[in-house]
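In: need a structure here:
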Amino acid sequence: MRTKFHDQLDALFDQLTAMCRLAGDAVTTATDALSAADLTLAEKVFGLNERIGALRGPCEDQAMALLALQAPVARDLRQVVTGVFLVSDLSRMGDLAEHIADSVRRRHPHYVAQDRTQHLLISMGRLAGVLATAAALVLQTRDPALALALDVTDNGLDDLHRDVLTLIQEPGWGGSTIEAVDATLLGRFFERFGDHCVEVGRRVIFLATGQQLPQ
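Out: Alright, predicted model coming up:
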């Protein structure tokens, strides 16, 4: 019975890993769309998020089945409950990537951002993609040491976010009010994407050790 339980649990985490990889593809594609004001790439993000959404239901069903049929306790219960929460985090990551793509679509054929603002936002997007790749590896291995490293990488994303907000408030910044709003929103989307990657790491640490790290 326990062998079957762990096989089913592994299958659940395989699906969660696939969701995370799709979210990484989505944020990377959205960043490419932002960089080139490319409508085709922006539309591709919506398709990637649909694939994430298609995995959400089966993941939730699998977790509920494990709870109902296997009656897990202690660490096993912790792993299943963690899986339920991870579904929400990973779905939100896909939604945030879609928000970024939607900004590109709304402003097309114009660029959403210009010059240094554009550079900072693209840098945020690239780092968000790195975080998603690392988070997928954390889900695949359930390694708490790798999970801890996500927070360190996310600090770089937070620094870039602060740089964006500082830049658009400088007296010499030449952007319009609309561009300031877009930059603020995009910075927030990338920053929240990174936060969800870190949350994936925190949940895996809880899964492996039973310890909850402070927010």
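In: quick one, what contacts the residue nearest in space to the middle of the chain?
Out: The residue at the geometric middle of the chain, judged as the C-alpha nearest the mean C-alpha position with Cα atoms, centre = their mean, is residue 93 (3.5 Å). Contacts for residue 93 (Cβ atoms under 8 Å, 6 or more residues apart in numbering) come out as 20, 23, 26, 27, 52, 132, 193, 196, 197. Quick note: C-beta positions are derived from backbone N, CA and C, even for glycine.
In: where's the third one relative to residue 180, distance?
Out: From residue 26 over to residue 180 the distance is 25 Å, taken as Cβ to Cβ, to the nearest Å.
In: who has more neighbours out of these two?
Out: Taking residue 26 and residue 180 together and counting by other Cβ atoms under 10 Å, residue 26 has the greater number of neighbours (29 against 17).
In: if I look at that one, what pLDDT would I see?
Out: Taken from the predicted model, the pLDDT recorded for residue 26 is 98.
In: extract the CA atoms of stretch 108-119 and return them as CSV.
Out: Extracted C-alpha coordinates of stretch 108-119, given in CSV (Å, rounded to 0.1, in the frame of the first residue of the first chain):
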residue,chain,number,x,y,z
HIS,A,108,1.2,46.5,-29.9
PRO,A,109,2.7,47.6,-32.3
HIS,A,110,4.4,50.0,-29.9
TYR,A,111,6.9,48.9,-27.2
VAL,A,112,5.6,48.9,-23.6
ALA,A,113,8.8,50.4,-22.3
GLN,A,114,11.7,52.3,-23.7
ASP,A,115,15.5,52.6,-23.1
ARG,A,116,16.7,51.9,-19.5
THR,A,117,13.2,51.0,-18.3
GLN,A,118,13.0,48.4,-21.0
HIS,A,119,16.4,47.1,-20.1
